[in-house]
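> Okay, predicted coordinates and the sequence, questions at the end:
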Amino acid sequence: MKESSEVPTIKYKFDSIIKDFIAKIESLKETMPLVMILMSFNNSESHKKFADFIDKNGIPENSDDGEEKLTFSPEDSHNFSIFEKNASIASNALEIIPKSLFVTLISEFDSFLGRLIREIFNAKPEILNASEKNLTFQRLIELKSIEEAKEYIIEKEVEAILRESHSEHFNWLENKLGITLRKDLSVWEKFVEITERRNLFVHCDGVVSSQYLSNCRGAKVKFEKQIQVGEKLDVSPEYFDLAYKSLYEISVKLTQVIWRKLLTNDLEKADESLNDICFELLKNRHFDLADILLDFATNVLKKHHNEETKNVFIVNKALSLKLGGQEEKCRDIVCSKDWSACSDKFKIAKEALLDNFDEVRRLMIKIGDDGEINKVSYKIWPLFEGFRKTQEFPQCYQDVFGEEYKPIETPKKLIEELFSKAKKSDQEKLEYEKELEEQIPQEDSTTSNRNIG
């Protein structure tokens, strides 16, 4: 085995690890309603066709005990079996698919955690000194460098850690890094229940076991209703959304705490990464998650790159509360800070949050077309949502940038388009039926309405 003489340049990947994970679970979150619409439609249509076939082709007969039953001709018996199987497949899919997507959600978290632990070894290789993994002589001569040997040991360590329970994962992280991760972490109880439920689906078809209840009690999980051994759990759309938000929250917090612990001189990138994530939540109007992570950024994290970075988190926290309908809390945050020594971009943010639009207009003109805020920000930043709705904004925008204000239209997601079309279709159907009712003479309305549709 030849030792490399070059010192490798390490580029840490905490930012890409967390953002890749978020992108993947967002994909699952967007997929869930689309799949369920299709599965629900398939289930409904399959059972309807089965029922229609029975009504049309079933031959009533009296059995020996006097009960009426349906029989089918030899030709129809073949189709009966097909319709019955299609209905059964549709029903099973409606139950299986949500569970499968849920299990995939947890699998993506495990994959994320594996990448995060690997990055911990890269940032703090001395942890490997305590490794008990051994290299056989045959394996040793196959490796070409110390770096390859290191990668091999890391791979084996990560595999060994991930075989343990999720609680043990956090025990390992706390012990190796000398930090507390679960203190005051309210999402921990939900996280344990979610991961334990995943185990039920993988190993017990969702049937509650004594181990599930024991592990949940150990984490002080509070159930909305009493759950007993033998009960079968499922995954409702609401529960899937809860799981998504819980994994989102715990992964971001975990990444940030570890990143800042290991790379104390990398606060600028850590702050930038967290701000990117929070801003995307604001743009997508996911205010519940934004509130949680911005509270974490302003009240839990003790160090930031500089005062300006911290002010960005404060502004966005107030903005999330405002857009989420908690205007009083927003005002409290804004008014509790002295913004007089801050730059104009924070002063205009303060006035926008307080709906002082005359002052916002004055500051926008003062900042100008080459200041701290560019024209695209005025168009898309949620901070200026209220100001954009005023009559003064288009003229102010033209005065500053010398061009007509044209709003940027955000493309709708497919699921939004489908719901919009379905709503429009239902509305058109109601209007059509109302027109028919108006055309039918009053004395015949009861008889006629019975025949509509």
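Yep, it's here. Numbering: from 1, shown residues only.

> Setting aside sequence neighbours, what's the nearest residue to Asp205?
Lys232 (7.4 Å; Cβ to Cβ, 6 or more residues apart in numbering). No exception for glycine: its C-beta is placed from N, CA and C like everyone else's.

> Just the C-alphas of the strand or helix carrying Gln211, formatted as PDB.
Gln211 is part of helix 210-218, with elements assigned from DSSP states H and E. In PDB, the C-alpha atoms belonging to helix 210-218 read as follows (Å, rounded to 0.1, in the frame of the first residue of the first chain):
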ATOM      1  CA  SER A 210     -45.200  -4.300  22.400                       C
ATOM      2  CA  GLN A 211     -41.700  -3.100  21.300                       C
ATOM      3  CA  TYR A 212     -43.300  -0.200  19.400                       C
ATOM      4  CA  LEU A 213     -45.200   0.900  22.500                       C
ATOM      5  CA  SER A 214     -42.200   0.400  24.800                       C
ATOM      6  CA  ASN A 215     -39.900   2.500  22.600                       C
ATOM      7  CA  CYS A 216     -42.600   5.200  22.300                       C
ATOM      8  CA  ARG A 217     -43.100   5.300  26.000                       C
ATOM      9  CA  GLY A 218     -39.300   5.600  26.500                       C
END
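
> And the helix or strand that contains Glu26, what does it pack against?
Following DSSP H and E, one finds Glu26 within helix 14-57. Under the contact criterion of 3 or more Cβ pairs under 8 Å, 6 or more residues apart in numbering; DSSP states H and E, helix 14-57 touches helix 74-123, helix 237-262, helix 267-283, helix 414-439.

> Distance to Glu174 and mean neighbour count for those - can I get that in TSV?
Listed next are these as TSV, based on distance: least, Cβ to Cβ, whole Å; neighbours: other Cβ atoms under 10 Å:
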stretch	distance to Glu174	mean neighbour count
helix 74-123	12	17
helix 237-262	10	19
helix 267-283	20	19
helix 414-439	39	11
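
> sorry, back to before: starting at the chain centroid, how far to the helix holding Gln211?
How far helix 210-218 lies from its chain's middle: 26 Å, per Cα atoms, centre = their mean, to the nearest Å.

> What's the mean pLDDT across that helix?
Helix 210-218 shows a mean pLDDT of 94.

> swap in stretch 405-425?
Averaged across stretch 405-425, the pLDDT comes to 72.

> what do you get for stretch 237-252?
For stretch 237-252, the mean pLDDT works out to 97.

> starting at the chain centroid, how far to that stretch?
Distance, centroid of stretch 237-252 to centroid of chain: 6 Å (Cα atoms, centre = their mean).

> do stretch 259-270 as well
For stretch 259-270, the distance to the chain centre is 25 Å (Cα atoms, centre = their mean).

> and what of stretch 288-307?
Worked out by Cα atoms, centre = their mean, stretch 288-307 lies 19 Å from the chain centre.
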